[in-house]
Each structure stands twice: as C-alpha cells, then as structure tokens.
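S.K.: Here is my input; please provide its structure:
(chains A and B)
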Amino acid sequence: MSAPRWARAILRRAAPPGQEDAVVGDLEEAHRARTKRHHAATAWLLTAFETADMTWALLRQRRRPIPAFSWLDFKLGLRMLVRYPGLTAVGGLAIAFAIWVGAGFFEFGTQLLSPRLPLPDGDGVVMLRLYDVRTRKDQMPTAYDFLNWRKEVTTVGQMSAYRRIRRNLRTGDGPGEPATITRMSATGFDVAGVPPLLGRTLTSADEVPGATDVVVIGHDLWQARFGGNPDVVGRSVQLGRDRATIIGVMPEGFGFPIADQLWTPLRLADADLTPGAGLRLEVFGRVAPEHSIGEARNELELLAVRTSIDFPEAYEHLQVDVVSFKLGALGIPPRSKSAVVAGVISWNVAVVLFVMVICANVALLIFARAAARESELVVRSALGASRARIVAQLFVEALVLGMVGAAVGLTAAGYGLRWGMNVVATQVMGSGGLSLPFWMSDTLSSTTVAYALILTAVGAGVAGILPAFKVTRDVGSSLRRASAGGGGIQFGGVWTVVIVSQVAVTIALPVGAFLFREELVKVEEVDIGVPTDEYLAARLEMDREPPPDRPADTTAAAFAERYRTALGELAERLRAEPSVSVVTFAEKLPLMYHPWHQIEVDEGGMEPPDLRGHRGGVSGVDPGYFEALGVPILSGRGFGAGDLESDAHTVIVNESFVRRVLGGKNPLGRRIQIIASEASREPDRTVPWHEIVGVVPDLGQQSGYGALGPMGVYYAAAPDDVYPIHIAIRGGKDPLSLIPRVLAAATEVDPTLRVQNIIRMDETAKDDVTFYRFFIGLIGIGSGLALLLSMAGIYAVMSFTVSKRTREIGIRVALGSDPTRVTAAIFRRPLLQLGSGVLVGTFLAWVLIESSPRVNGLGALGGAAVYSLLMTCVCLLACVVPTRRALRIEPSEALRADG
Amino acid sequence: MPTDSLAEFELLVLLAAVRLGSDEAYTVSIAREIAERTGRSVRRANVYTTLQRLEAKGMVASRMGLPHPERGGRPPRLVRVEPRGLAAVRATTGAIHAMSGDLDDLLGQPS
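M.R.: Down below sits the predicted model:
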C-alpha cells in the first residue's frame, strides 16, 4: 500500500531541490514496511506523525529568512488607523468584541475547570474519595475510613476531614440567620498553611469532648457581623442551640476548603465507627514531601484490599481514589478528569474558532483596503521590496489594529468578569446559600492576558497575512499590467465563499437572539393572577438534633413532629401580625422551578410529545393554598382536610395540563399516576393512581419541560410531608418590611428554625431574568456587530469589484451596448452572492427554528427577513455608486484610458 | 588538522553507514540498522538531519542510487563515509575505549 498522497505532496514541497525523489522514496519505503507490521490505520497514523516530523526537519534545514519588522511598520500601522477611520472603527470594534468574549470566557472557564489553589504548595493538597464499582458513583468516606487512614497511611500527611452543617447564627440579641458551619479537623488549618489574622486556629485540644465550644471566623463574616472589630476574639456567638467562643479570625480571601467562613472542631470521639457506615466526611491531606501522588494511591489501594478482606460486605465493591483537592472539593469525580480536560480543550477551541471567524471578517475589510492600495504596493514592489517585506508590513498593520481592539476588549473583559462573578455569587449561588470558591478571582489573570495577546497575534495573522498573500501574489503581474494601463487584483472564489458564509451567518443569527428573547418574555411577562409583589417567600429548615430538654429521639417521625409544631406556631405568630393577611405553605411556590415528574394518565389521554411521556411540575400544597393566594378553582373543588389522609390520592391540575394531557376534555374524575424521575426507571414499582378533583389556572411553574406551557399537578400536603417546605406570607404593599419580624418569630418559635432565601415572591425568577438578559445582550451585540461587519465587508468588496470594472463599462457603452444591460451584467455576480447567502442563511434559520420549539418561528424569520433586506440595500448601494460613476464616463475617455 | 569530535547520535549514524557500506547506506536503512542493533526507537527525521550535518562537515558524501519498487520506483540518496568521517569515528570510539577500558568491573557487562 502506497503512502498517502498528501504526505508525499507535503514532503515533496518541503524537500531541498534535487532531493525530492529520495525524500519521498524514504517515506514510501518506511510506510510500506509499516503496513506489513501494523494495521493499515495504525500505519497511516504513524506515517502522518513521521511526515509532520520530517517536514519540520526539512523546513528547518532550508532556513528561510524571516522578514524583519521595523518600527516604521508600526508607525505606518498607526497611520493607517487614522487614514481609514471606518475600517478602524468596524474592525477594531469587532476584534475588541472577540477578545472581550474570548478572554472573559477563557478566564471564567479556566477558573472553573482548572483552578489554582492559592495556598502554599497548593498542588500538594489532595482529597481521598471512595468509588463504588457497583453503582459507578463516588462516595464520601466514613468516620471509620478517616480514622483508619489517619492511623495507617504514611504517604499522605496531616490527614484531616470536614463536614458542613447549616445552623442559625446569632451574634447579638437579633434574630438568627442561616449560616454554613464547617466542622473541620484542627490539622485542616495546617494543611491550608495560612496563619490567622487574629487569635489562633483550631488545635487538637479543641477536638476533645467536653472542651469549650470554639469557632474560627472568616474575614468577610468578621467585617459583616462585627464591623471588623479587633476585639472580637473572646466574644461568643450562638450557633443553633449552642454557644461558641470566637478564638480567631482568618485573613481576607481565605475560605478553605471552598467558601467557608465559620470553622468549629470536628469531634469524632462519640462517632459511629462501624466500618462502611456512620457519619460521612470529606477527607483531605498533603502528600508527604518524599512521596508522590502515585505512591499515595498505591498505598491506599493496598490498604483498601486489606479492609475489603476484613469487611467484605462493606468494602469489596469500594475503591479508593486520591485526587487533587480542587477537583475533589468541587465534587468533580476523578473518573471525569478526562472529561474536564476535554471540556477545557473544547472550550478553548470554541473561543479560538470564534475569534478566527471574526478575524476572517476583518480580513475581508483589510483585503479591500489592500486592494485599494494596489498602486502603492506595486510601486513598493517595483522599488525592490520583497514579497516577504510587503506581507510583514500588512501583518503589522493588522497587528496594530488588533492591539487597539485587544486593549479595548481586555478592559471590557475585566469589567465583564467582575460583573459576571458578582451575578453568579449574589444571584445564582447566593440564592442557594452558596458562595464562589475562595480560589476564584474577579480579576483577569496574567495567563488570560497572555492568552488574549496570543489570540490577537494569531487573529492578526488571519486578518493581515491572508489578504497580504493574496494581494502580493498578484503584485508582479499588476506591475506588468500597470505598465500597460490595466488593473490587477481580483476578488476570487475564496472571497465569494466568505461573502456567502457571512451573509448566511448574519441572517441566521437573529434566531439565536429570538430563542433567548422568547424565554425572557415568558419569564418576565408571566401573569398568574396573584399579586406576587405583596408576598414574601422563604424556605424553612430546622436542625434535626432534638433540643436538650426533649427525649433524645432522633427518628424521622420525631423530627417531622417537631417540624410541624414549629411551622404551626410560626404561622400563628405571623397571622397575629397586623400587616399579615395570609400565611400558607407549599413544596414549591408560584414562579419557582418545579422539578419535573412523568405523568401517566388513564385511557383517553393525548399522545405524549415524545418517548419520555408527559412531564410536568408537581408540588405538594397546604389544603388552603389556593384560597390563600386568591387563585380561583375553575372547575371541581379545592382541597379540604380530608385530602390530607394517606388514602385520599386526590390532585388538582392546571389548565395547561388539561389542554395538553387531556386535549381540553373534562378532567374531573380522571385518574393519573405521578412517577418521580428516579422511580420511572423501575418498571416493577407500583405507583398509586390519583383522582383529579379540580382545575386551577397556570401558576407560572417553571420546569425543565416548559416548551408547550407549564404543566402542573398539585396534591394536598401537611407541612411535615415535605422537607424543606416553602412559606408564602402576604404582607401588603411593602412585604420586605416584614422580614425582621419573620426572622424574629422563627427564632422565638425555635432557635434552630432557619428562614432561608427570604425574598419578595415576584423576584423568584430574577436569576433566570438576569441569565437571559445577559445572553440576549451578548447575542444582541454579537448580532449587531455581525451585521455591521457584514455590511462593511460587502460594501467594500462589492464597490471595489464594480469600480474595477469601470473601464469595461465605459468601453462597452462606447461600443454601443445598452447601459441597462451593462448594469444588469455588472450587478449579476454581487446579487448572486447575496442571493446564495440569503438562501443558505434562511435554511440555517429554518433548521434552528425546527430544532427549537420554544422559538416563535414567525418572529425569528421576520428578523431574518429584515436582515436580508438590509443586506440587499447595502449591496445595491455598494454597486450603484461606482456603476453610476462608470456610466457617466465619456466613452472616448474610457477608450483613451485603456490605451 | 585537529580531529573532529562526534555527538553520540552522529557516531551511531556513521557506524551504521560504515556497517551498511556505500551501496546500502541511506536514511531509512541507517535508521533501521540503529534501531535493530541498539533496540532504541529512531526518528527518521533525526537521521536525515544528522546526515545533512555530517555532509556539511565533509564527513560523508552522497549520491543518488538506483530506483527501487519498494520505494515507489524512487532512488535512495546513498551515503559514503569520507576519510574525515572515519577519522572522527576512530577518535571518538578510541576516546570511549580509553575512558571505559579498565572499568568493566565497575560498569558491569552491557545488557
């Protein structure tokens, strides 16, 4: 089998003169020998690698001189910026946008997927995880595992563990506010290697049962709750039911392990140490200096084998993994590491491609400018400038433009990152009681700046060198033709492809924008007939440990009883408030995201939209829920106390459900099954049938399946049936003023009752609004820029092409051609290019609309039509001006000019 | 004229060329010879570059051989070791022997 043709061609071109046959012969011989030893595909791959290797060696041998750059080139580049302000504005803006998006996403992606731990020798910190080969899932180690490893393992030092709990934090007489507490081994601070700002960190003495309860606080908490008071050490705070003394304050930016602000000692003296059972912990440590992570892995694997022999039932299906801390702490399974690496690579490839597409567009503009400077280039060539020198000059001009764009783009990326991190921290993670990991920074790293500069240089290569090669290839012949009075540079087939693609992409872009706009409108304009701005919404959680004055009953039933009593008391206290008119509970309140469940219906239902069946959001609600919200029962009845009985099995559905599942037929008396997404995978599990007893309007349920309108099912639930439950409180025109009272009432009822995410109900969907607004903005700017670039590019190319044919028009008219026919002939090619672009773009838009049922097809196509019309106008304008100029030329002048 | 010194890979290439003889020594056969005798993987690009360098130093000379069907009917570029190359090989191997001759007990037998 012969060597691949492309490999032969590459080597032939790279080989020094006279050695082509010998070099290609060597390749042929080596490839044939390989095909005898390896599979054809392997041989092909090896030959491909060898061709690349050999080509590089041959090119190095040839040592072609690299054209030198001079400061004059940069000066000329700056002058070009001023001389062609239109190109500077459009091209610079486009590159700025590309760098803004590219650098911003690179920074965010790198921080998310491949972070650096800002601790002394952060790479040495590892996490120890268990992997269940039966379920193929990671598992947190138990207290037994941790203590066993700490005793036996020598390759990982300072073995530590932590677990997080939620507690109400009270720093004075005010109400408690939910906070996350990290119970951590004292050695955890040694692993981090960061000294405290004030006081001390935890010590092993603090872990002894009966020792004074102590807490170390973070810098942010110190500032927020204690105003940065330097005398804070020694003061006490209330954590749930317990009081703890502050013993130290950690410095700013420290949030080890992830984003933690309150550390208490992890006490395991009374922990359940049954192998494979009991308390689950996150275990971490530092690889000992004289050992590697591989040695640590080997030692732990050996230990795991020993443990599985001693306790086969609990351990024979478990493996131990030693992973880098940053991946482990974020819960990224070690087996997904390759997926993370692939994610980083594909992320970067996408960014590079995006920048290259923009630069290809700028290349079109630069080519048009270079073509317009044809005479200058011809003269330079005639005066002895080599092709390499001219290419270098055009590259530097593009580089100067790129640097200006990059400076603007990087500045914007810096602001964008700060804004983005703030949005993620406060609105996305903050609403879930979470914070960003402490190693994430809101400033651009030097790596990102270097990345952006490399992108700019590569982009300048695309935008500058490609047109430069095209222009300089024709300079020699132009020189000859110029001496005969003819013109040289032409826009060839490549540029036709560029124009057609550009028009197509520009026309398809509005569909993307419409996709997000439709979602935003849905979220923003949803009117559920409930004055949501008069309600407060919150999630209620409570410590599971019983109070010291009660029997130490830790069963779920005992907790449910205490939870129900606490909620009942809270509701009573709140109803006693003069401004509170309504208090009600539900698993999910209106406008909240409702996890979807599969719905089966008795005979006569509509065909489900796909194989996954009908799916809708399901929520357990207080029997008085609809009445409390003022939601009318459209048919049937509302819930009563009898619906709480375990054998009641009644549901109320919303209008979308009736329309989509039952085709608008009478739903009362019909029966449905609610199959939780997990249970739906177990066909032998019996799921009860529920009778539909009423219909309510749509209440703005958001779920992952809202393509055809939110489909909702409600069942009656007592407060302890669902944990955690949400509370809705109607508090008149200014419900936010009630917050202190709600928090105080909760603390009075039970100091461990936590009021989480308390907000006005109409702000429930604000995360989605912010998210959609951000992407609509991004697509809007991108779409606008694409349109601007397209129009500028098309105008430049079209007007250049037509003006190049000025003499031809003059001569045709001089020879008696009809000006109308001449004009039609001139317009044919540009209009063909535009028409092809519009056709391809419309097809792309149609594909996008078909694959996105949420998009309003007509609206998106309308946007595409407006873009097409604009493009046509620009194209016609670009053709009309030079054509009219050409038609005005006297035939005799045209003939003389040609001679 | 001072004797040229050789880098390790240059020495291997020259020794392979000497072994193969002027009618059989070319890039592919030299790479194969080194790989078979030393058991190490040899990149053809390295052999090519080394031969170019040795030719520039006047240690080898090249000529085109006869076309061969295994090479797609193309000729090999055969190399012949020049006296200067032989002298360099002698000098380098001599130096190695001089340095390692009485160290057999310490170095052990080559594996």
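S.K.: tally of neighbours for the residue nearest to A:P608 when sequence neighbours are not counted?
M.R.: For A:P608, ignoring the flanking residues on the chain, the nearest one in space by C-beta to C-beta, 6 or more residues apart in numbering or on different chains is A:H614 at 4.8 Å. Placement of C-beta: from N, CA and C, glycine included. Using other C-beta atoms under 10 Å in any protein chain shown, A:H614 is surrounded by 22 other residues.
S.K.: roughly how far apart are A:H614 and A:V153?
M.R.: Per C-beta to C-beta, to the nearest Å, A:H614 is found 52 Å from A:V153.
S.K.: Relative to the helix or strand encompassing A:Q756, what are the paired strands and their orientations?
M.R.: Assigned by DSSP states H and E, A:Q756 falls within strand A:753-760. Applying DSSP bridges, strand A:753-760 is found paired with strand A:535-542 (antiparallel).
S.K.: contact partners of the partner strand?
M.R.: Under the contact criterion C-beta atoms under 8 Å, 6 or more residues apart in numbering or on different chains, strand A:535-542 has outside partners A:166, A:178, A:559, A:562-563, A:566-567, A:570, A:582, A:589, A:592, A:723-731, A:735-736, A:738-739, A:742, A:746, A:750, A:752-762, A:764.
S.K.: Could I get the buried residue list for the helix or strand that comes right after it?
M.R.: Counting by DSSP H and E, the next helix or strand C-terminal to strand A:535-542 is helix A:556-575. Residues of helix A:556-575 classed as buried by neighbour count (16 or more other C-beta atoms under 10 Å in any protein chain shown): A:F559, A:R562, A:Y563, A:A566, A:L567, A:E569, A:L570, A:A571, A:R573, A:L574.
S.K.: Around chain A, which positions in chain B sit nearby?
M.R.: Proximity of chain B to chain A, by C-beta under 8 Å from any C-beta of the partner chain, involves residues B:26-28, B:43-46, B:48-49, B:52, B:64, B:67-68, B:70-72, B:74-77.
S.K.: Sketch out the low-pLDDT regions of chain B for me.
M.R.: Within chain B, the stretches with pLDDT under 70 are B:1-3, B:108-111.
S.K.: Return the nearest residue of it with respect to chain A.
M.R.: Distance from chain A to each residue of chain B (C-beta to the nearest C-beta) is smallest for B:R74, at 3.1 Å.
S.K.: And A:G228, how close does it get to A:L197?
M.R.: Separation of A:G228 from A:L197 (C-beta to C-beta) stands at 10 Å.
S.K.: Then A:D750?
M.R.: Distance from A:D750 to A:L197, by C-beta to C-beta: 34 Å.
S.K.: Please say which of the two ends up with more neighbours.
M.R.: A:D750 (22 against 15).
S.K.: residues touching the more buried one, list them.
M.R.: A:D750 neighbours (C-beta under 8 Å, 6+ apart): A:M542, A:R562, A:A566.
S.K.: Can you name the residues that contact the residue of chain A found nearest chain B?
M.R.: Chain A approaches chain B most closely through A:G25 (3.1 Å), counting by C-beta to the nearest C-beta. Neighbouring residues of A:G25 by C-beta under 8 Å, 6+ apart: B:P67, B:H68, B:R71, B:G72, B:R74, B:P75, B:P76.
S.K.: Buried only: go through those for me.
M.R.: B:R71, B:G72, B:R74, B:P75, B:P76.
S.K.: the domain parsing of chain A - what is it?
M.R.: When chain A is parsed with automatic domain parsing, its domains come out as A:5-62, A:72-120+A:336-489, A:135-316, A:495-523+A:765-899, A:532-763.
S.K.: Can I get those domains in JSON lines including distance to B:G94?
M.R.: Compiled in JSON lines, the domains of chain A are given as follows (distance: least, C-beta to C-beta, whole Å):
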{"stretch": "domain A:5-62", "distance to B:G94": "31"}
{"stretch": "domain A:72-120+A:336-489", "distance to B:G94": "48"}
{"stretch": "domain A:135-316", "distance to B:G94": "43"}
{"stretch": "domain A:495-523+A:765-899", "distance to B:G94": "65"}
{"stretch": "domain A:532-763", "distance to B:G94": "77"}
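S.K.: picking up where we left off before, rebuild the buried ones among the contacts of A:G25 as CSV, extending it with secondary structure.
M.R.: Shown next, in CSV, are these (DSSP: H, G, I helix; E, B strand; the rest coil):
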residue, secondary structure
B:R71, helix
B:G72, coil
B:R74, strand
B:P75, coil
B:P76, coil
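S.K.: Which pair of those residues spans the longest distance?
M.R.: B:G72 and B:P76 (11.6 Å; C-beta to C-beta).
S.K.: what about stretch A:592-606, average pLDDT?
M.R.: Stretch A:592-606 shows a mean pLDDT of 78.
S.K.: and A:S635, bridged to which residues?
M.R.: Judged by DSSP bridges, the bridge partners of A:S635 are A:V695.
S.K.: That one and A:V695 touch, don't they?
M.R.: Yes: using C-beta atoms under 8 Å, A:S635 is in contact with A:V695, at 4.8 Å.
S.K.: And these two? Which one has more around it.
M.R.: A:V695 (19 against 15).
S.K.: Relative to A:R671, how far out is that one?
M.R.: Distance from A:V695 to A:R671, counting by C-beta to C-beta: 15 Å.
S.K.: Same question for A:K470.
M.R.: Distance from A:K470 to A:R671, by C-beta to C-beta: 72 Å.
S.K.: now do A:N148
M.R.: Distance, A:N148 to A:R671, using C-beta to C-beta: 53 Å.
S.K.: Same drill for A:K470 and A:R671, tell me which one is more crowded.
M.R.: More crowded of A:K470 and A:R671, by other C-beta under 10 Å: A:K470, with 19 against 15.
S.K.: isn't there a helix covering the more buried one?
M.R.: Yes: assignment of A:K470 by three-state DSSP places it within a helix.
S.K.: If we ignore the residues flanking it in sequence, what's nearest it?
M.R.: A:F367 (6.3 Å).
S.K.: Looking at that neighbour now. What's its pLDDT?
M.R.: Predicted confidence (pLDDT) for A:F367: 74.
S.K.: residues of stretch A:366-384 that come out buried?
M.R.: Buried residues in stretch A:366-384 (16+ other C-beta under 10 Å): A:I366, A:F367, A:A368, A:R369, A:A370, A:A371, A:R373, A:E374, A:L377, A:V378, A:R380, A:S381.
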